[in-house]
Structure formats: C-alpha cells, structure tokens
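S.K.: okay, here's the prediction I keep looking at, along with the sequence it came from:
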Amino acid sequence: MQKSINTFLKHPSKDLTNRSANPPVTRASTILFDTMQELYLHEHKVKTHKKISHYSYGRYGSTTTIELENILKKLENAYHVFLTGTGFGGIALALMSLCRPGDEIVVSDNVYGPTKEISQKLLKEFNIIAKFYDPNNFDDLKQKISKKTKMILVENPGSNTFEFQDLSKIIKLAKSKNIFTLLDNTWGTPLFLKPLNIGFDMSFSSATKYFSGHSDAMGGSLAVNKKVFKKIMFFYKLSGYRMSADEAYLIIRGLRTLDTRLKQHYENTKKVINFLRKQNKIKEILYPYKPSSKNYKLWKKYYSGATGLFSIVVKSKKKSSVINFVNSLELFGIGYSWGGFESLAILQELKGNHKDEYIQGRKFYRFKKDEHIVRLHIGLEDPRDLILDLKKNLKKIK
Ligand SMILES: Cc1ncc(COP(=O)(O)O)c(C=O)c1O
C-alpha cells in the first residue's frame, strides 16, 4: 500500500521480537558474530552499501542508529544518511570530507555563525579559502565561482535574517561547473523541502531542532546522493563521528510527531505574526507571510509548508530597552537553539565588532544601527497567551 509520509512516520522501527511499538536502545561497542566468515561478509556488505541491520563495530553505529538512518533515508529520498552527535558535526563532516588544500568554497553570507567560522577560520588553516556571497544577489554568487570552487554551501532561509534564494538557479550553475552543493535545510525540514530531489548533493538538518522537537537531544543528519557517498563514508569512518543509540532513540520518537508538531507551530506562528504586523514598534517581520514579497514567492516556489522560527526588526535608539523587552517576556525562554515545543526569544547581533565567534560578522547586512533583530521561536503554547505576553512587553521598547 502506498502510504503518505505522515503515516509512514508513525510505523517504522517496531521491535517485533519484544512486541514493542518502538525499537530497542542498543548500546554496543563490541558487536558479536557467530563466525569469522560472518564478520568478513558483513564488512564487505557495509563497504558495498548493502542493506544491513547492524554494523561491525559500535563506532559506526548500532541497530538503533540504523533505524533512524532508514527513516531519514526515506524522508530525504537519499542514497545514504550519515548521523552525527550534533548538528554542527554534520556540517563539519561535509566540509572535511570533500574539501582539500587549494580548494575554494562559496558560502551564503547568512549561514549559521559557526558554519561561517569553520569556513572562514578553520578551513583557512588547511589552505581552503571561503568566499561569502550576498544571498539576495545571484550574480554575486556567480562572480565568486572560480576553477578552484569545490562546494557551494547554502542555508535556506538564512539564519536570523531569513532570506530565501532561488535554489534551482544555484543547482544549475553548480552542475554546469561540476561543483558539489550542500543545503542546510534545518528550518524547512525534509517534510517541506527535499533538497536532494531538486538536485543538491547533500541535505543537512540539525536533528537537535524539529526532528527531536523536545529540547532534550542533539544530533545531525547529512543525507547524500551516490556521487558524494564514498568520500564522506571514508572520512566518517576515520573521524569517529557518530550518534549515540540514546540520542537516535529520542530523535526517532520525535520524528513520529514531526508532521503534527510542525502544523501547530505554523498555525501558532501565523496568529502571532498577524498580531505583530500591526505593532508600530516592529519595522519588519522576517518570515514569508506577504504574498507580494520576493521571499514569499521564493518560499512558495520550493516549500510545501513553513515552521515557527523568524525574526522581528525592532527600531529603537535604546538597545537596552530591546534587551529589557526580551528579558521581560514570561513565556519565551532566552537561549540558543530552537525547534522544541517551547517559545524562545533572543537578541541577535550579526554585524561588526564581535571579538568572539562570528569574526567579522555579516558582510551583506541591510539593517541600520538603530534596527535590532530579535529572533523568536513560536512554540506549542496557546498562541493567545503568547500574544498577550508580547503585547504587554513590547511597551518596554523605547
Ligand atoms: C541553521 C542551523 N544549522 C546548524 C545548526 C547546528 O546544529 P546543532 O546545534 O545541533 O549543532 C544550527 C543550530 O542552531 C542551526 O540553527
């Protein structure tokens, strides 16, 4: 029977031996074989990408991580899915597997801060140069491509500023020059966009966010096509990257309700945005909700849904009053990450004098000095309560 993906997510990974609707958490370093011949045969199967139900050593994963790989393979329409202990591990895995000294990579300027840092700072130490392009200007991307370009790394929409790009144009360009492509698809999830289907070589998601959905697990998923599989497998096995069985179990549990949770995040977000768009202290809402906008059109072109993360641009000469607004919110936690059941708020500083991790900040930044970006994650609370909380505390912005 042909099943919808929402039905599929409810049914995989049953443990029929123990009559459980969920898989066992298999914690294992040593994996036992009956004979040496069986062990040799198994290793050959792994090498030649045959279907397996366990690995030959715990460093590569366990039966629980294989269950998660199989679910994500289906969700992403992937040749293989590599699991890592954090989301960021998945980005590092792709870069370290495919880039070598002398190569260049072209990266959208609006990527997640640490993605920028590894591209700009760490890769440079290996003589790999990162060039950052303006996500609102395809010609800028084109100009940054050279004979040395090995990979185009895109995050869509971009972190904190949420620009959407015309993805098929990027794919066409990359394919014509034989350049690898990676999309950070954490915001949209493979439920709303399948990057491999539109031609990306790699689809990355931080499983810490919506996949797990409960703010209690970390993980990364790098779904790949056949073209890049061998090179990434080579580095994966030698780097020691992996996901633990316990985290894999929690992420499988989260995935069962991914569709239902995302529907509710979206419904709540629409209600909150409908309130925010009428507030005069808010200059702009960085979310695809205005049908006349470029970002809406690009979102609609590629995505079948939207999630609960966006930013508001607040105009204020008193930054301390914007901080006061964030601090005063009762139902919005202050903290990193997102994609869990709860609402969050954080003031994002993207430009300029960062002494710490973001180095030079954004190169292509269109906001003025008195415009502040507050990122909100709309959780699964009653949106009427969230709106009351925002209404009460927006007054604090001077
Ligand atoms: C867009 C995006 N990509 C990657 C990551 C890294 O994921 P993790 O925190 O699981 O390492 C994050 C984390 O916030 C993110 O927002």
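M.R.: Received it, and whenever you're ready, just let me know what you need.
S.K.: packing partners for the host helix or strand of Ile105?
M.R.: If you go by DSSP states H and E, Ile105 is part of strand 104-108. If you count contacts as 3 or more CB pairs under 8 Å, 6 or more residues apart in numbering; DSSP states H and E, strand 104-108 packs onto strand 129-133, helix 138-144, strand 149-155. (Each C-beta comes from the backbone N, C-alpha and C, glycine too.)
S.K.: that strand close to the ligand?
M.R.: No. Strand 104-108 lies out of reach of the ligand by CB under 6 Å from any ligand atom, never closer than 11.3 Å.
S.K.: what pairs with that strand, and is each one parallel or antiparallel?
M.R.: Here strand 104-108 is paired, per DSSP bridges, with strand 129-133 (parallel), strand 149-155 (parallel).
S.K.: average pLDDT across it?
M.R.: When pLDDT is averaged along strand 104-108, the result is 98.
S.K.: can you name the next helix or strand after it?
M.R.: helix 113-117.
S.K.: how about that following helix, does it reach the ligand?
M.R.: No. Helix 113-117 is not in contact with the ligand by CB under 6 Å from any ligand atom; minimum separation 6.6 Å.
S.K.: in TSV, list the helices and strands packed on strand 104-108 along with mean pLDDT and distance to Leu347.
M.R.: Formatted as TSV, those follow (pLDDT from 0 to 100; distance: least, CB to CB, whole Å):
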stretch	mean pLDDT	distance to Leu347
strand 129-133	97	23
helix 138-144	98	28
strand 149-155	98	20
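S.K.: how about these in TSV, adding distance to Met96 and mean neighbour count?
M.R.: Listed next are those as TSV, based on distance: least, CB to CB, whole Å; neighbours: other CB atoms under 10 Å:
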stretch	distance to Met96	mean neighbour count
strand 129-133	14	21
helix 138-144	22	15
strand 149-155	11	23
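S.K.: before we move on, back to that, now what about the strand holding Ile105, what contacts it?
M.R.: For strand 104-108, contacts defined as CB atoms under 8 Å, 6 or more residues apart in numbering pick out 95, 99, 115-116, 119, 123, 128-133, 135, 141, 144-146, 148-156, 158, 165.
S.K.: any idea how far the spatially most central residue of the chain is from Pro383?
M.R.: Geometric centre of the chain, nearest residue: Thr186, 2.3 Å, by CA atoms, centre = their mean. Noted for Thr186: a distance of 23 Å to Pro383, by CB to CB, to the nearest Å.
S.K.: do the same with Ile179
M.R.: 43 Å.
S.K.: with Lys317 instead?
M.R.: Distance from Lys317 to Pro383, by CB to CB: 31 Å.
S.K.: pick out whichever of the two has more residues nearby.
M.R.: More crowded of Lys317 and Pro383, by other CB atoms under 10 Å: Pro383, with 20 against 8.
S.K.: was I right to think the more buried one contacts Val272?
M.R.: Yes. In this structure, Pro383 is within contact of Val272 by CB atoms under 8 Å, at 5.7 Å.
S.K.: contacting residues around Leu390?
M.R.: Neighbours of Leu390 in contact, by CB under 8 Å, 6+ apart: Val272, Phe275, Leu276, Leu329.
S.K.: just give me the neighbour total for the closest residue to the second one other than its chain neighbours.
M.R.: Counting by CB to CB, 6 or more residues apart in numbering, Ile387 is the residue found nearest to Phe275 once chain neighbours are left out, at 4.7 Å. For Ile387, the tally of surrounding residues (other CB under 10 Å) stands at 16.
S.K.: quick one: the contacts of Leu390 as a markdown table, columns for distance to Phe341 and pLDDT too.
M.R.: Formatted as a markdown table, these follow (distance: CB to CB, whole Å; pLDDT from 0 to 100):
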| residue | distance to Phe341 | pLDDT |
| --- | --- | --- |
| Val272 | 15 | 98 |
| Phe275 | 21 | 98 |
| Leu276 | 21 | 98 |
| Leu329 | 17 | 98 |
